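> prediction below, plus the sequence it came from.
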Amino acid sequence: MVKNLLFKTAYTFYYFAYIVAKKFNKNRCENNCVSKGFIKFNNRLAIKRSKKVKIEKIALLLPHCIQNYSCPYKITSDIGNCRECGLCKIGEISKFVKERNAIVKIATGGTLARLFLKNEKPDFVVAVACERDLVAGIYDSFPMIVYGIFNKLDNGPCMNTDVSLEEIKKIFDLVGKK
């Protein structure tokens, strides 16, 4: 009980600092130091809190913008719709998820992501999103254990974004070995 109160206080502090920094910071890019600090803090706590996680209850939550924008095979309802053509990372991620027998969801926004978490109730979540959505999503889903990874916005926000599959694998291996 005391531990949860400490976690919630720390999350609230970081989230408040994030909101204040956003209000007064004209540079709204992904390099915001408060956002990075919040995610770094959260991820350290997530790894520490993952000691009792069952490997079959690890979920991967991805934004739909990782899929190639022009792909006709939409994956928002089912990642199995991917034809693994290689134009985006979804094919590689799909193979990885099948190997791990992991829970995966492609979300078009925060509401769908929260609904997925509410319905599936995973023990540990690896969430990929842009700065704003990731910080807000982690805060909203507390006390659920969520490890956050910023997606790469090489082509701008919300279209043809990218993520490090190696980083996702590293977290699954780290949590899965406990």
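Cool, got the structure.

> where does pLDDT dip in the chain?
Residue ranges of the chain with pLDDT under 70: 1-4, 6, 18, 22, 25-32, 176-178.

> and the contacts of whichever helix in the chain runs longest?
Longest helix in the chain, counting residues (DSSP state H): helix 2-24. Identification of contacts with helix 2-24 by CB atoms under 8 Å, 6 or more residues apart in numbering yields 28, 32-35, 37-38, 41-42, 45, 135, 138-139, 142-143. In this view, the C-beta of every residue, glycine as well, is placed from N, C-alpha and C.

> break down the protein into its helices, ranges please.
Using DSSP H, the helices of the chain run over 2-24, 33-49, 90-100, 110-120, 131-141, 165-176.

> buried ones in the first one?
Which is helix 2-24. Going by neighbour count (16 or more other CB atoms under 10 Å), the buried part of helix 2-24 is Y11, Y14, Y15, Y18, A21.

> try the fourth one
Using 16+ other CB under 10 Å as the test for burial, helix 110-120 gives G110, A113, F116, L117.

> relative to T108, how far out is E167?
23 Å (CB to CB, to the nearest Å).

> who touches the residue nearest the centre of the chain in this structure?
Closest to where the C-alpha atoms of the chain average out (CA atoms, centre = their mean) is A127, at 1.3 Å. For A127, the contacting residues are L61, A113, L134, G137, I138, V146, Y147, G148, I149, by CB under 8 Å, 6+ apart.

> same question, N42
For N42, the contact set (CB under 8 Å, 6+ apart) comprises Y11, Y14, I138, V146, Y147, G148.
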